[in-house]
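[1] Got a predicted structure plus its sequence, pasted below:
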Amino acid sequence: FSAKPKLINLGLAEKDRPQLLTRSFDRNYLVKYLGAYNFTIYDVIQNIKSSSQRALADSSDITDVENYRKANYAEPNPQYFGKAKGMNVIYVSLESLQTFIIDYKMPDGQEVMPFLHSLTHDKNTFYFDNFYHQTGQGKTSDAEFLME
């Protein structure tokens with residue numbers, strides 16, 4: 001077995017997907033770009049690192065987190081703070097739906113999703129169309145947690 005082809009494969013993967021190993025990518029991507037053997041080695045190393053981080057953590061680590069939180073705290077926007085007080089709140093989360101379809105019309109002028117269109121343009125609706133996913137391996141469960 002030679003390490004040279006594996007290093008070339010890793011180099012090509014890094015070129016195609018920068019920060020492949022340093023950012024939290026989907027495991028499917030990692031297996032695709034690294035191969036099953038290299039992914040297994042990578043996964044073992046990551047598990048050892050995360051276990052050692054938990055084992056070696058001390059009380060000063062929480063101080064860093066608290067300092068970061070205090071330094072980056074943003075006051076609630078007074079325009080929206082308490083806006084839904086006394087109202088029923090219903091949120092609609094549509095997994096894998098892209099925003100372009102909300103206002104999309106067929107060539108004959110018929111709306112594709114008229115009910116969602118009416119919701120997003122209602123004066124009592126908060127519609128967030130500039131939303132970036134922050135999900136990891138949990139996918140749906142991460143998205144639901146983020147919404148809440």
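    Ah, there it is.

[2] Residues contacting stretch 102-117, please?
    92, 94, 101, 120, 129 (CB atoms under 8 Å, 6 or more residues apart in numbering). From N, CA and C alone the C-beta is placed, and that goes for glycine too.

[3] Show me the longest helix that occurs in this structure.
    The single longest helix within the chain, with elements called by DSSP state H, is helix 36-56.

[4] which of the residues in that helix are buried?
    By 16 or more other CB atoms under 10 Å, the buried positions in helix 36-56 come out as 38-39, 42.

[5] And those, which is closest to L20?
    Y42 (9.7 Å; CB to CB).

[6] close enough to count as contact, that closest one and L34?
    Yes - using CB atoms under 8 Å, Y42 is in contact with L34, at 6.3 Å.

[7] I'd like the distance between Y104 and L20.
    Going from Y104 to L20 by CB to CB, to the nearest Å gives 34 Å.

[8] Of those two, which one has the most company?
    Counting neighbours by other CB atoms under 10 Å for Y104 and for L20 shows that L20 has the greater number, 17 against 12.

[9] any chance of the buried residues of helix 36-56 in JSON lines, with pLDDT too?
    Below are these laid out as JSON lines (pLDDT from 0 to 100):
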{"residue": "N38", "pLDDT": "82"}
{"residue": "F39", "pLDDT": "85"}
{"residue": "Y42", "pLDDT": "85"}
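
[10] nearest to L30, of the residues you listed?
    Looking across those and measuring by CB to CB, the closest to L30 is F39, at 5.2 Å.

[11] Apart from its chain neighbours, what residue comes closest to the closest one?
    Leaving aside its sequence neighbours, F39 sits nearest to V31 (CB to CB, 6 or more residues apart in numbering; 4.8 Å).
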